[in-house]
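> Provide a 3D model corresponding to the input given below.
(one chain, ligands or ions: 1)
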Amino acid sequence: MKLSDIKSSEAELQDYYAQLRSQHITPAWIGGGITREPKSKAVPWVWHWRDLRPQAMRAAQLVGTEQAERRVLRLTNPELPGLSASNTMVANIQIVMPGEVARAHRHSGSALRLIIEGKGGYTVVNGARLSMAPGDLVLTPNWTWHDHANDTDGPMMWLDGLDTPLVRMLEAGFYEEYHKETQTIVEGAGSPFVKYGEGGLRPVWEAQPATRYSPLWHYPMFQARAALERLAADRSGGPLDGIILEYTNPVTGGPAMPTIACYIQMLRAGERTQAHRSVCCTNYHVIEGRGYSIVGGTRLDWEDKDVFTVPTWTFREHVNDSDRPAFLFSFTDAPVMRALDLYREEAKAG
Ligand SMILES: [Fe+2]
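Got it, this is the predicted structure:
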């Protein structure tokens with residue numbers, strides 16, 4: 001047995017290819033080559049809050065919530081065709097003004113909110129009212145009803161993270177409007193945080209949820225901050241990302257949602273993390289702090305409330321060169337990669 005050595009004329013080949021084209025068939029040996037490792041179309045990018053906030057306020061002057069299902073600015077990676085920050089996940093900014101509601105709907109894409117500005121507005125998820133404060137993480141997972149309301153006297157703004165590019169690619173998207181503008185809040189149903197918010201303690205009388213997403217839809221910042229500060233005082237932390245915590249599903253210990261994992265990390269003053277990369281795209285939000293990240297050789301300077309993106313299989317390292325701690329929220333599609341046995345990670349040698 002050996003490799004064959006057939007020689008054809010260019011004219012013969014071109015004639016054959018033309019026939020194939022007319023039959024909507026493509027020979028796999030021309031065109032796309034073999035990829036030895038992932039090379040994202042997306043590029044490392046940072047969106048600064050100093051640019052985002054005025055544009056969100058302008059949107060609130062120009063567009064009403066009657067007109068827009070959601071008043072959202074999509075952060076658009078310059079090299080991606082699909083108007084998203086990263087390949088599989090969007091990172092958007094949403095604004096709800098005092099007295100406004102964003103009406104109830106549900107969709108098969110899963111979403112998270114990381115509250116940036118405003119305290120006391122709320123999201124209703126399947127009838128449960130979740131109040132929102134800066135740094136809080138609120139989940140509206142796959143096919144849960146959700147609406148937002150701002151009963152405060154200032155704007156409410158948050159980061160929206162969704163898996164919609166992935167769901168669209170899979171052609172698995174469903175969407176439904178609620179039969180009225182806002183959900184009725186289910187009194188006495190119990191807050192998910194009261195039931196599940198105590199970390200290692202799970203209410204035994206609650207049936208195991210049939211869904212894979214976390215039943216704890218609200219992860220307040222005060223709790224995450226306290227945990228990070230305890231770990232910092234204990235000088236804990238791993239080699240790659242320092243002190244980083246995952247928001248878990250309290251029933252399974254797994255990721256918050258089947259398609260999106262969420263993390264919060266604390267970079268101590270002067271800390272520099274080790275460069276590493278993984279097969280997942282990651283979007284970061286700077287809850288507070290100032291520093292920079294080297295992402296695929298590009299320096300991204302960031303400060304309070306900025307958003308930046310790290311494409312898949314791209315080395316990143318974070319530097320807090322300020323004199324105060326920095327808190328970074330991040331979300332990734334790692335659960336998808338793990339579910340499909342595609343996940344890899346490595347530290348940069350040297
Ligand atoms: Fe939604």
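
> C-alpha from now on. contacts and neighbour counts both.
Will do.

> Could you tell me how far A68 is located from T184?
22 Å (Cα to Cα, to the nearest Å).

> Now do the buried residues in the worst-scoring helix or strand of the chain on mean pLDDT.
Sorting the helices and strands of the chain by mean pLDDT, DSSP states H and E puts helix 192-196 at the bottom, at a mean of 89. Burial within helix 192-196, assessed by neighbour count using 16 or more other Cα atoms under 10 Å, is assigned to 192, 196.

> Check which helices and strands that helix sits against.
strand 218-219 (3 or more Cα pairs under 8 Å, 6 or more residues apart in numbering; DSSP states H and E).

> And the helix or strand just after the strand it packs on, what does it pack against?
Using DSSP states H and E, the helix or strand that follows strand 218-219 in sequence is helix 221-233. Judged by 3+ Cα pairs under 8 Å, 6+ apart, the packing partners of helix 221-233 are strand 243-247, strand 261-267.

> can you redo these as JSON lines with distance to R129, mean neighbour count and mean pLDDT?
Listed next are those as JSON lines, based on distance: least, Cα to Cα, whole Å; neighbours: other Cα atoms under 10 Å; pLDDT from 0 to 100:
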{"stretch": "strand 243-247", "distance to R129": "20", "mean neighbour count": "20", "mean pLDDT": "98"}
{"stretch": "strand 261-267", "distance to R129": "21", "mean neighbour count": "23", "mean pLDDT": "98"}
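
> Nearest to G161, out of those strands?
strand 261-267 (10.0 Å; Cα to Cα).

> List the backbone torsions phi and psi for N87.
Main-chain dihedrals, N87, degrees, to the nearest 10: phi -60, psi -50.

> doesn't P165 make contact with it?
Yes - counting by Cα atoms under 8 Å, P165 is a contact partner of N87 at 6.9 Å.

> Could you check which of these two is surrounded by more residues?
Using other Cα atoms under 10 Å, the more surrounded residue of N87 and P165 is N87, with 25 against 20.

> got a list of what the more buried one touches?
40-42, 80, 165-166, 281, 311 (Cα atoms under 8 Å, 6 or more residues apart in numbering).

> those strands in the stretch 151-300 of the chain, which residues are they?
156-162, 175-177, 218-219, 243-247, 261-267, 276-278, 282-288, 291-295, 298-302 (DSSP state E, counting those that start in this stretch).

> Turn these into CSV, including distance to R103.
As requested, the strands of the stretch 151-300 of the chain are exported to CSV (distance: least, Cα to Cα, whole Å):
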stretch, distance to R103
strand 156-162, 15
strand 175-177, 8
strand 218-219, 20
strand 243-247, 27
strand 261-267, 25
strand 276-278, 37
strand 282-288, 26
strand 291-295, 37
strand 298-302, 33
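
> Show me the one of the ones you listed that comes nearest G350.
Closest among these, using Cα to Cα: strand 276-278, at 11.2 Å.

> Check the residue nearest to L162 when sequence neighbours are not counted and give its pLDDT.
Leaving out its chain neighbours, the residue that sits closest to L162 by Cα to Cα, 6 or more residues apart in numbering is A111, at 4.4 Å. Listed pLDDT for A111 reads 98.

> got it, and Y219?
97.

> what's the nearest residue in space to it that is not next to it in sequence in contact with, if anything?
The shortest distance from Y219 to any non-neighbouring residue, by Cα to Cα, 6+ apart, is to L137 (5.0 Å). L137 sits next to 112-115, 217-221 when contact means Cα under 8 Å, 6+ apart.

> Thought L139 was touching the residue nearest to L162, still the case?
Yes - using Cα under 8 Å, A111 is in contact with L139, at 6.1 Å.

> quick revisit: I would like the residues contacting the least confident helix or strand of the chain, please.
128, 202-203, 215-219, 250.

> Of those - the most surrounded one?
The most crowded member of these, judged by other Cα under 10 Å, is H218 (26 neighbours).

> Neighbours of E271, how many?
Using other Cα under 10 Å: E271 sits among 18 other residues.

> where's E303 relative to I93, distance?
For E303 relative to I93 (Cα to Cα), the value is 16 Å.

> scratch that, Q223 is what I was asking about
As judged by Cα to Cα, Q223 and I93 stand 24 Å apart.

> who's more crowded, the two?
Shown here are Q223 and I93; by other Cα under 10 Å, I93 has more neighbours (25 against 13).

> pretty sure the more buried one contacts L162?
No - assessed by Cα under 8 Å, I93 is found out of contact with L162, at 11.5 Å.

> List the contacts of A91.
74-75, 84-85, 159-162, 283.

> Low-confidence ranges, the chain, go.
The chain contains residues with pLDDT under 70 at 188-190.
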